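Engineer: return atomic coordinates for the entry below.
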Amino acid sequence: MTARVPGAPHLRYSGVALAYNLAGALTGFLPFLATALLDAAGGATSWPAAVLLMAIALLTALGGLLGERLRVRDNVTTDSSSAS
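Structural biologist: Numbering: from 1, shown residues only. The predicted structure follows:
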């Protein structure tokens, strides 16, 4: 995600914070969606909610895999002589 935001590191971290907060706002509706899926299935089975959770787990795994592959490393050097 940070590669999508050009500029200094503080701007990239702001981009990550924005994505984090948007994801939190959108996932707040998942319990309502799971309840609606259970109601649509007649309440006799929990498969719709289980499939929803599996889809979220798959998206999370894919995001972690792609995030690691597309990660941009900062060129930050540390000065060992200033360490006390």
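Engineer: what's next to stretch 26-45, contact-wise?
Structural biologist: Contacts of stretch 26-45 with the rest of the structure, by CB atoms under 8 Å, 6 or more residues apart in numbering, involve 46, 47, 48, 49, 52, 56. Every residue, glycine included, has its C-beta placed from N, CA and C.
Engineer: give the contact list for the fifth one.
Structural biologist: Contacts were defined as CB under 8 Å, 6+ apart; by that measure residue 52 touches 30, 33, 34, 37.
Engineer: just the buried positions in the helix or strand it falls within, please.
Structural biologist: Using DSSP states H and E, residue 52 sits within helix 47-69. Neighbour counts over helix 47-69 (16 or more other CB atoms under 10 Å) mark 48, 49 as buried.
Engineer: now it - C-alpha only, PDB.
Structural biologist: Output of helix 47-69 as PDB, limited to C-alpha atoms (Å, rounded to 0.1, in the frame of the first residue of the first chain):
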ATOM      1  CA  TRP A  47     -23.000 -22.400   5.700                       C
ATOM      2  CA  PRO A  48     -23.700 -18.900   4.400                       C
ATOM      3  CA  ALA A  49     -21.800 -17.300   7.300                       C
ATOM      4  CA  ALA A  50     -19.100 -19.900   7.100                       C
ATOM      5  CA  VAL A  51     -18.600 -19.200   3.400                       C
ATOM      6  CA  LEU A  52     -18.400 -15.400   4.200                       C
ATOM      7  CA  LEU A  53     -15.700 -16.100   6.800                       C
ATOM      8  CA  MET A  54     -13.800 -18.300   4.400                       C
ATOM      9  CA  ALA A  55     -13.900 -15.600   1.700                       C
ATOM     10  CA  ILE A  56     -12.600 -13.000   4.200                       C
ATOM     11  CA  ALA A  57      -9.800 -15.400   5.200                       C
ATOM     12  CA  LEU A  58      -8.900 -15.900   1.600                       C
ATOM     13  CA  LEU A  59      -8.800 -12.200   0.900                       C
ATOM     14  CA  THR A  60      -6.600 -11.700   4.000                       C
ATOM     15  CA  ALA A  61      -4.200 -14.400   2.900                       C
ATOM     16  CA  LEU A  62      -3.900 -13.000  -0.600                       C
ATOM     17  CA  GLY A  63      -3.400  -9.500   0.800                       C
ATOM     18  CA  GLY A  64      -0.600 -10.700   3.000                       C
ATOM     19  CA  LEU A  65       1.100 -12.600   0.200                       C
ATOM     20  CA  LEU A  66       0.900  -9.700  -2.300                       C
ATOM     21  CA  GLY A  67       1.800  -7.200   0.400                       C
ATOM     22  CA  GLU A  68       5.000  -9.000   1.200                       C
ATOM     23  CA  ARG A  69       5.900  -9.400  -2.500                       C
END
